[in-house]
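1. got a structure for you, letters missing:
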């Protein structure tokens, strides 16, 4: 018996008890989506997270952590399927929620910022990626051990992005936007 099979059974039972549009069913689908993402089944993860978002919004409202988590999950699926623009849009929507309901150093907010910086870099948007990293670095305290780990992660991401920018700059010559 696998975890996915067990969650599928739980989903079927919850649907029969609470109805397919209920909050318990939505949360079960969100968990199933997380399992699919962990297994790198991004197509299934995308189906599950897209199906769950309307129910979460209906029951919890737009500004809820579970809605933001579903958006981040959907972003991971889009990224895994090669759609960086959709992944960026979902991460940015999740960040709006996290900014409204969590503190500036909440782990989910920092993960989202890191994801946004990575996606901007993938799309060749190096200056916005650097601005995103700097936004995160402004709220982190280097004397806090947990923050120090995040600072390192953001600095690593920024270094990778700068390296990519330099590679792109070298390939494109003086007509590239970074030369202007």
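-> Cool, the structure landed. What you are looking at is a predicted structure, and each value in this text was computed from that prediction instead of being measured.

2. where along the chain do the helices fall?
-> For the chain, the helices defined by DSSP state H occupy 3-18, 23-38, 42-60, 65-80, 84-101, 107-122, 126-139, 145-172.

3. give the contact list for the spatially closest residue to residue 108 that is not a sequence neighbour.
-> Spatial nearest neighbour of residue 108, chain neighbours left out: residue 98 (5.7 Å); criterion: C-beta to C-beta, 6 or more residues apart in numbering. Quick note: C-beta positions are derived from backbone N, CA and C, even for glycine. By C-beta atoms under 8 Å, 6 or more residues apart in numbering, the contact list for residue 98 reads 65, 68, 106, 108, 109, 112.

4. and residue 138, how many neighbours?
-> 8 (other C-beta atoms under 10 Å).

5. actually residue 143, not the one I wrote
-> 7.

6. returning to that earlier point: now the helices of the chain in a markdown table, with mean pLDDT?
-> Below are those laid out as a markdown table (pLDDT from 0 to 100):
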| stretch | mean pLDDT |
| --- | --- |
| helix 3-18 | 84 |
| helix 23-38 | 92 |
| helix 42-60 | 95 |
| helix 65-80 | 97 |
| helix 84-101 | 97 |
| helix 107-122 | 93 |
| helix 126-139 | 90 |
| helix 145-172 | 84 |
